[in-house]
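1. Just need the structure, nothing else, for what follows:
(one chain, ligands or ions: 2)
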Amino acid sequence: MTKDLTLLGIESSCDDTAAAVVRGTTILSSVVYGQTSLHMEFGGVVPEIAARAHAEKLDHCIEEALEIAKVQLTDLDGIAVTAGPGLIGGVLSGVMCAKGIAAATGLPLIGVNHLAGHALTPRLTDQVPYPYLMLLVSGGHCQFLIVEGHDSYRRIGGTIDDAPGEAFDKTARILGLPQPGGPSVEKAAAKGNSKRFVMPRPLLNQPGCDMSYSGLKTAILRARDGVVEKAGGLTRQDQADLSAGFQDAVTAILTEKTRRALETYLALSPETKTFAIAGGVAANGPIRAALQGLCTDTGTTFVAPPLALCTDNAAMIAYAGIERMMHGEADDLTLSARPRWPLDDQAAPMLGSGKKGAKA
Ligand code: KG4
Ligand code: ZN
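-> Ligands and ions are numbered 1, 2, ... in the order given. Coordinates of the predicted model:
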């Protein structure tokens with residue numbers, strides 16, 4: 001029997017500084033230092049502030065991950081680091097740090113695509129066999145991928161503009177609800193009437209699995225302005241009803257597009273029948289329930305990794321590094337940081353994608 005590989009993972013592509021130690025499919029430690037408070041007053045992630053914070057925190061984060069895992073650098077088989085896509089300053093901080101450790105220890109350096117980290121998480125948590133259908137849905141990503149292997153991804157659709165998480169955050173801002181917007185809009189929506197403000201469902205009637213969310217933000221803004229103009233302000237019930245209308249539209253779009261993506265996937269790969277979700281928006285109760293219902297209807301296994309592994313973390317980077325190493329792959333000290341790095345470079349570039357979310 002071959003020994004399980006033990007890797008240190010490093011993630012710094014957006015606003016989470018993270019380090020983790022993973023052995024095989026066992027997470028020995030996973031440390032995440034969020035930066036939400038640093039960016040709060042700016043209403044979004046400020047790349048320069050993020051990069052500085054990563055550079056300051058990475059050492060401590062890595063030390064903590066090694067300590068919790070009770071692992072020395074000499075016990076490791078390699079260093080995996082997010083080499084893109086993401087905010088370039090942050091990605092560079094991580095890559096430089098990983099190169100330093102690799103140069104000092106002589107350990108192999110493995111560059112990992114951040115999106116591959118998310119996409120391979122169901123294998124880390126549930127040992128899901130290839131091929132499976134994956135929906136990455138967060139503040140920066142929204143795409144359907146058929147994951148055929150550790151470096152083989154077929155993108156069958158995604159957002160052509162904003163990611164749904166970004167739309168949740170913007171909606172919260174418009175309605176005066178706290179950030180991050182997803183959980184506060186979900187909470188408000190639970191007390192709301194989704195029929196009072198029926199929001200548009202862009203691209204719903206177009207064929208295929210592409211989606212659009214930017215018009216939804218404008219629609220929420222207009223609906224809010226309409227209420228404010230008439231009543232002079234928003235009541236809690238207005239906030240709840242607008243939130244419910246918005247969440248209903250996102251749920252409807254994601255459900256219909258997932259139904260089509262499942263159809264495509266099941267036609268191509270009828271033998272494995274697994275659908276997995278990742279990303280912060282996967283935490284949303286009604287969205288999760290709707291997608292789970294689709295899987296039940298089609299006899300497909302539904303996999304939703306625990307939330308801490310759905311959102312940005314370094315355990316997924318270490319694990320993706322393990323899969324690369326198991327295939328004899330590694331990089332060297334010339335590894336470069338990439339702001340853009342599509343998983344499926346055969347897929348046609350999508351209009352507007354990559355311009356909005358930090359990692360879209
Ligand atoms: O995956 P993630 O932590 O970071 C990246 O964007 O990469 O996702 C964060 C996003 C935010 O936009 C947040 O508002 C959204 O996920 N989110 C939610 C919920 N919890 C977090 N959206 C809808 N419902 C939620 N319960
Ligand atoms: Zn991410």
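2. Show me what residue of the stretch 251-360 of the chain gets nearest to ligand 1.
-> Going by CB to the nearest ligand atom, ligand 1 is nearest to G280 of the stretch 251-360 of the chain, at 2.2 Å. To be clear about C-beta, it is placed using only N, CA and C from the backbone, and glycine gets the same treatment.
3. Need the per-residue pLDDT for the residue nearest to that residue when sequence neighbours are not counted.
-> Among residues not flanking G280 along the chain, S138 sits closest, at 4.6 Å (CB to CB, 6 or more residues apart in numbering). S138 carries a pLDDT value of 89.
4. same thing with the one 10 residues further on?
-> At E148, the predicted lDDT confidence score is 96.
5. Check which helices and strands whatever helix or strand it lives in sits against.
-> In this structure, E148 sits in strand 142-149 according to DSSP states H and E. Strand 142-149 sits against helix 114-126, strand 132-137, strand 152-158, helix 236-268, with contacts defined as 3 or more CB pairs under 8 Å, 6 or more residues apart in numbering; DSSP states H and E.
6. Tell me the helix or strand right after the third one.
-> Read that as strand 152-158. Next helix or strand after strand 152-158 toward the C-terminus (DSSP H and E): helix 164-175.
7. just checking, what packs against whichever helix or strand comes after that next one?
-> With elements assigned by DSSP H and E, the helix or strand that comes after helix 164-175 is helix 181-189. Applying 3+ CB pairs under 8 Å, 6+ apart, one finds that helix 181-189 makes contact with helix 164-175, helix 236-268, helix 285-298.
8. mind running it again at 7 Å?
-> helix 164-175, helix 236-268 (3 or more CB pairs under 7 Å, 6 or more residues apart in numbering; DSSP states H and E).
9. Centre-most residue in this protein?
-> G279 (3.5 Å; CA atoms, centre = their mean).
10. wait, isn't that residue in contact with G140?
-> No - here G279 does not reach G140: they are 8.4 Å apart, not a contact under CB atoms under 7 Å.
11. Contacts only, for the residue nearest to G280.
-> 163, 165, 279-281 (CB atoms under 7 Å, 6 or more residues apart in numbering).
12. And it, how far from D297?
-> To D297, S138 is 25 Å away according to CB to CB, to the nearest Å.
13. Highest average neighbour count across the helices and strands packed on helix 181-189: which stretch is it?
-> helix 164-175 (a mean of 25; mean count of other CB atoms under 10 Å).
14. Taking strand 142-149 as reference, get the angle to it.
-> Comparing the axes of helix 164-175 and strand 142-149 via axes from the mean of the first three to the mean of the last three CA atoms, to 10 degrees yields an angle of 160 degrees.
15. does C209 sit in a helix, a strand or a coil?
-> Classification of C209 using DSSP: H, G, I helix; E, B strand; the rest coil returns coil.
16. just V45 next, same as before
-> Classified using three-state DSSP, V45 is coil.
17. Tell me which residues touch V303, please.
-> With CB under 7 Å, 6+ apart, V303 has these contacts: 122, 126, 128, 274, 276.
18. Let me fix that, I meant to ask about N284.
-> Per CB under 7 Å, 6+ apart, neighbours of N284: 182, 186.
19. do the same with K70
-> So K70 contacts nothing (CB under 7 Å, 6+ apart).
20. State the phi and psi torsions of it.
-> phi 60, psi 50 (degrees, to the nearest 10).
21. Ligand 1 contacts on the stretch 1-150 of the chain?
-> The stretch 1-150 of the chain comes close to ligand 1 at residues 14, 138-140, as judged by CB under 6 Å from any ligand atom.
22. quick one: which two of those are the most distant?
-> Using CB to CB, the two most remote members of those are C14 and S138, lying 9.5 Å apart.
23. CA atoms of the lowest-mean-pLDDT helix or strand in the chain as CSV?
-> Every helix and strand of the chain was ranked by mean pLDDT, DSSP states H and E. The lowest is helix 36-39, at a mean of 74. Extracted C-alpha coordinates of helix 36-39, given in CSV (Å, rounded to 0.1, in the frame of the first residue of the first chain):
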residue,chain,number,x,y,z
THR,A,36,-14.1,41.1,6.3
SER,A,37,-13.6,43.9,8.9
LEU,A,38,-10.7,45.4,6.9
HIS,A,39,-12.9,45.9,3.8
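24. for it, packing partners?
-> Counting contacts by 3+ CB pairs under 7 Å, 6+ apart, helix 36-39 is packed against helix 47-69.
25. mean confidence score for the following helix or strand past the helix it packs on?
-> With elements assigned by DSSP H and E, the helix or strand that comes after helix 47-69 is strand 78-84. The average pLDDT for strand 78-84 rounds to 97.
26. May I have the strands that pair with strand 78-84, each with its orientation?
-> strand 6-11 (parallel), strand 109-113 (parallel) (DSSP bridges).
27. quick check: angle from the last one to strand 152-158?
-> Between the axis of strand 109-113 and that of strand 152-158 there is an angle of 30 degrees, by the same axes, to 10 degrees.
28. Can I get strand 109-113 as PDB, trimmed to CA atoms?
-> Taking Å, rounded to 0.1, in the frame of the first residue of the first chain, the C-alpha atoms of strand 109-113 are listed here in PDB:
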ATOM      1  CA  LEU A 109       6.000  23.100  -5.100                       C
ATOM      2  CA  ILE A 110       2.600  22.500  -6.600                       C
ATOM      3  CA  GLY A 111       0.600  25.400  -8.100                       C
ATOM      4  CA  VAL A 112      -3.200  24.900  -7.800                       C
ATOM      5  CA  ASN A 113      -6.000  26.500  -9.700                       C
END
